[in-house]
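Engineer: the following block contains a protein sequence and its predicted model.
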Amino acid sequence: MLVLSVRLYLAVLGLLEGVRERAQPDQRGQASAEYALVLLGAAAVALLVVAWATKTDLIEKLLDKVVKTVTGKVS
């Protein structure tokens, strides 16, 4: 009787484990999708910064200041 009870118990545990495995969604590829979204967000922010800096001529002013500083230290 004890052997039958143990076998029944193990069979029920096996069935429950199978149900749990099927109930959990497959999450393969989740990290890749999140990584791709982060890269798209970073690219969008970078494009906005470049567009803003180009429109306000800050890049030109920055480069002029760097060149003047470098040439001032060389001479």
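Structural biologist: Cool, the structure landed. Numbering: from 1, shown residues only.
Engineer: following the longest helix seen in the chain, which helix or strand shows up next?
Structural biologist: Of all the segments of type helix in the chain, defined by DSSP state H, the longest one is helix 30-55. As assigned by DSSP states H and E, the chain's next helix or strand after helix 30-55 is helix 58-74.
Engineer: now do that next one against helix 30-55, angle only.
Structural biologist: Helix 58-74 runs at 80 degrees relative to helix 30-55, counting by axes from the mean of the first three to the mean of the last three Cα atoms, to 10 degrees.
Engineer: quick check, distance from helix 58-74 to the centre of its chain.
Structural biologist: Between the centre of helix 58-74 and the centre of its chain there are 37 Å (Cα atoms, centre = their mean, to the nearest Å).
Engineer: contacts for it, please.
Structural biologist: Counting by Cβ atoms under 8 Å, 6 or more residues apart in numbering, the neighbours of helix 58-74 from elsewhere in the structure are A53. (C-beta placed from N, C-alpha, C; glycine too.)
Engineer: give me the buried positions along that helix.
Structural biologist: Judged by neighbour count using 16 or more other Cβ atoms under 10 Å, helix 58-74 contains no buried positions.
Engineer: state the mean pLDDT of that helix.
Structural biologist: With pLDDT averaged residue by residue, helix 58-74 scores 87.
Engineer: and the longest helix of the chain, how far out from the chain's middle?
Structural biologist: Between the centre of helix 30-55 and the centre of its host chain there is 12 Å, according to Cα atoms, centre = their mean.
Engineer: buried stuff in it?
Structural biologist: Counting neighbours by 16+ other Cβ under 10 Å, one finds that helix 30-55 has no buried residues.
Engineer: so which elements touch it?
Structural biologist: Using 3 or more Cβ pairs under 8 Å, 6 or more residues apart in numbering; DSSP states H and E as the contact definition, helix 30-55 packs against no other helix or strand.
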